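Student: Sequence first, then the predicted structure, then my questions.
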Amino acid sequence: MTTAAATAGERTAKAKPATMAQALGRALRDSMAQDPTVHVLGEDVGTLGGVFRITDGLAKEFGDNRCTDTPLAEAGILGAAVGMAMYGLRPVVEMQFDAFAYPAFEQLISHVAKMRNRTAGAMPLPITVRVPYGGGIGGVEHHSDSSEAYYMATPGLHVVTPATVEDAYGLLRASIASDDPVVFLEPKRLYWSKADWSPEAPVSVEPIGRAVVRRPGRNATLITYGPSLPVCMEAAEAAVEEGWDLEVVDLRSLVPFDDETVAASVRRTGRAVVVHESSGFGGPGGEIAARVTERCFHYLEAPVLRVAGFDIPYPPPMQERHHLPGVDRVLDAVARLQWEAES
Amino acid sequence: MTVQELPGAAAYRPTPPPAWKPLTDPAPLLPDPEPYRVLGTDAVADADPELLLRLYAELVRGRRYNAQATALTKQGRLAVYPSSTGQEACEIAAALVLEERDWLFPSYRDTLAAVARGLDPVEALTLLRGDRHTGYDPREHRIAPLCTPLATQLPHAVGLAHAARLKGDDVVALAMVGDGGTSEGDFHEALNFAAVWRAPVVFLVQNNGFAISVPLAKQTAAPSLAHKAVGYGMPGRLVDGNDAAAVHQVLGEAVARARSGGGPTLVEAVTYRMDAHTNADDATRYRVESEVEAWRAHDPIQLLERELTGRGLLGDDGIEEARAAAERMAAALRERMNADPVLDPMDLFAHVYAEQTAQLREQEARLRVELDAEQDQHGCDDVEEGR
């Protein structure tokens, strides 16, 4: 087996453009090289390298037993991973697309999330469930769901989602190393986003559960994560012309939720908009807005607003641009934050 | 970032399972049309008398355990109990064919198998008493938590057996499921995975005739549940589930086959649930007494007792001794179950995550305040009552 160090030595340590997909693949590879109990399994993850090529090369480097093409059955994949974890392995499961993960829900909810609790801590399950999620790639139906609210509503699961290349690497490594099950949501429309990134340079990763301020600002906070982060960053730049200095908070982890970073930001700015592409009703934004209101009520100059996908089944690809919250919709919400002036 | 290594992780290198080619002729996989029997047939001559006597003692103990646990529901000491009376031969044989290093994956009705495997009878009942979900450490006993959702433990058995094989351990997983469970998707996915991976797993279907109230005829159109095996590429075996010697032999062969790298087996044990689904169920609504009577004549304990007494291996003294031992077990269980379990409400938050989230810490503090207030209130009540 090639060690990470040996390969690193052959490569230049200089940062160069890398995609999120490459960073995710590298995180899997480095985790497998470091810990022989890490196993990757799923449909098409072996020879093909995954339909998004995230697992490309792993079967070749580590063998079929470490990166395994399974029968096409999501409950079976995750259920087998449960048994593997019970015997001391660290399975990393790939669910090919967001909506394909639903057959595995019973395993996830009834066993993966609860095994530590059911056994009073005797049997934790260190399983990482990778789910490419969200829209914006022109996928036909059942290929663009944002399922985070379902996972968030299940105690026992960590739910994380990177928005940058560096976080994709660091969060995935942290997820695989976690002794708790993690639903790792990969914003698939950011798979090809690039950043100057060096896999050899030490990557400092905070523990799962820390949000980060991506852009400091004074007038309002945009609270977002995953695929909506670039939208919010663009909106913040555009808002400068309107005289708004927006702060952008990237949650990175939906469970656990970083109340402190979010509340500190909103207390500084006094205004907040939650932005995500999953449906608004019963969605993550409602929970986040409630938490912010509870902690920051006396600091707020306006109600916490939500910019979310419509409360509709994910639309066909030719219509998805109307559904996905874009820069204009975010700016419109920011304009509505001038509550005093309007009322 | 630190990666926490599991014990023994550094030494672990997965080893590949042997190469496997699907069979082109399915005939060897098909079960015999009649359930296999040992008791009352010529095959019994090969049975080990010591094993038969051990099976007998365990069956008697198991039946008494079922009766005692059912009685505990009436006294409010158990929230619910799904009795396996009539199915003791399956339960006991499942426990006795396994080596210590093997794993048992029981369903909610298989408390008896867990106890026969050596689990403390009280620890086995905590789920049904309602104080803890699992009253024992699964790794210590190599018994998975009693599984309430149907058939979802079967893929776990496959994954565990596969992992054990990769680690080079000759461990077998035996997974138990009912006839109703064979209709669930997880049953099919587990069998398919097991066959494709050639995992050392034995699936034991206890066909007890009813899934709560739904009879087998409304559950499946297959000639037998054992026939389902052939579609996945594994042998199916049909056995008389009330014949303890036969169940032990068939499961023993399946376990040996799995251990030697021969892959999984599906065993259907044809038996009957003499009691209702649980103490809360009324079986008279969906089955007739004459059917129950017919099965009573095929009672697993009577079958074995008749064989053993007929062959001069068991006399009145031996029967009495087995009953007395069962009675002692029941008395001890009764006494221990009469004590209220001591519960710590803070345990509610202790095992959700490895490290508590800030949100859980807040909620724990809130419950602590409520409990302190309750304590103060009770303290005041005591003072007032004392006056």
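Tutor: That came through, no problem. Numbers count the residues shown, from 1 in each chain, chains lettered A, B, ... in the order given.
Student: Longest helix of chain B, counting residues only.
Tutor: Longest helix of chain B, by residue count under DSSP state H: helix B:358-386.
Student: and the biggest strand by length in chain A, C-alpha only, in CSV?
Tutor: What stands out as the longest strand in chain A, according to DSSP state E, is strand A:272-279. As requested, the backbone C-alpha atoms of strand A:272-279 are provided in CSV (Å, rounded to 0.1, in the frame of the first residue of the first chain):
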residue,chain,number,x,y,z
ALA,A,272,-30.4,38.4,9.4
VAL,A,273,-31.5,36.4,6.3
VAL,A,274,-31.2,32.6,6.1
VAL,A,275,-30.5,31.4,2.6
HIS,A,276,-30.9,27.8,1.4
GLU,A,277,-32.2,26.0,-1.6
SER,A,278,-34.3,23.4,0.1
SER,A,279,-38.0,24.1,0.6
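Student: mean confidence for the helix or strand just after it?
Tutor: Per DSSP states H and E, the first helix or strand lying C-terminal to strand A:272-279 is helix A:284-296. Throughout helix A:284-296, pLDDT has a mean value of 98.
Student: which other residues reach the helix or strand just after helix A:284-296?
Tutor: Next helix or strand after helix A:284-296 toward the C-terminus (DSSP H and E): strand A:305-309. With contacts defined as CB atoms under 8 Å, 6 or more residues apart in numbering or on different chains, strand A:305-309 is touched by A:146, A:272-280, A:283, A:285-286, A:289, A:323-325, A:329-330, A:333, A:336-337. In short, each C-beta sits where N, CA and C put it, glycine included.
Student: avg pLDDT for the longest helix of chain B?
Tutor: 84.
Student: Check stretch B:58-69 too.
Tutor: For stretch B:58-69, the per-residue pLDDT averages 98.
Student: thinking again about what came up before, could you tell me which of the contacts of strand A:305-309 count as buried?
Tutor: Buried subset of those (neighbour count, 16 or more other CB atoms under 10 Å in any protein chain shown): A:146, A:272-280, A:283, A:285-286, A:289, A:323-325, A:329-330, A:333, A:337.
Student: Spatially nearest residue to A:Lys194 (excluding sequence neighbours)?
Tutor: A:Pro17 (4.7 Å; CB to CB, 6 or more residues apart in numbering or on different chains).
Student: Tell me what that neighbour is bridged to.
Tutor: A:Asp196 (DSSP bridges).
Student: all strands of the stretch 101-250 of chain B, in order?
Tutor: Using DSSP state E, counting those that start in this stretch, the strands found in the stretch 101-250 of chain B span residues B:103-105, B:173-178, B:201-207, B:210-211, B:214-215, B:236-240.
Student: For the last one, C-alpha coordinates in PDB please.
Tutor: Right, strand B:236-240. Coordinates of each C-alpha in strand B:236-240 appear next as PDB, following Å, rounded to 0.1, in the frame of the first residue of the first chain:
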ATOM      1  CA  GLY B 236     -32.500 -23.300   1.200                       C
ATOM      2  CA  ARG B 237     -33.200 -25.800   3.900                       C
ATOM      3  CA  LEU B 238     -36.600 -26.800   5.300                       C
ATOM      4  CA  VAL B 239     -36.700 -28.200   8.700                       C
ATOM      5  CA  ASP B 240     -39.300 -29.200  11.300                       C
END
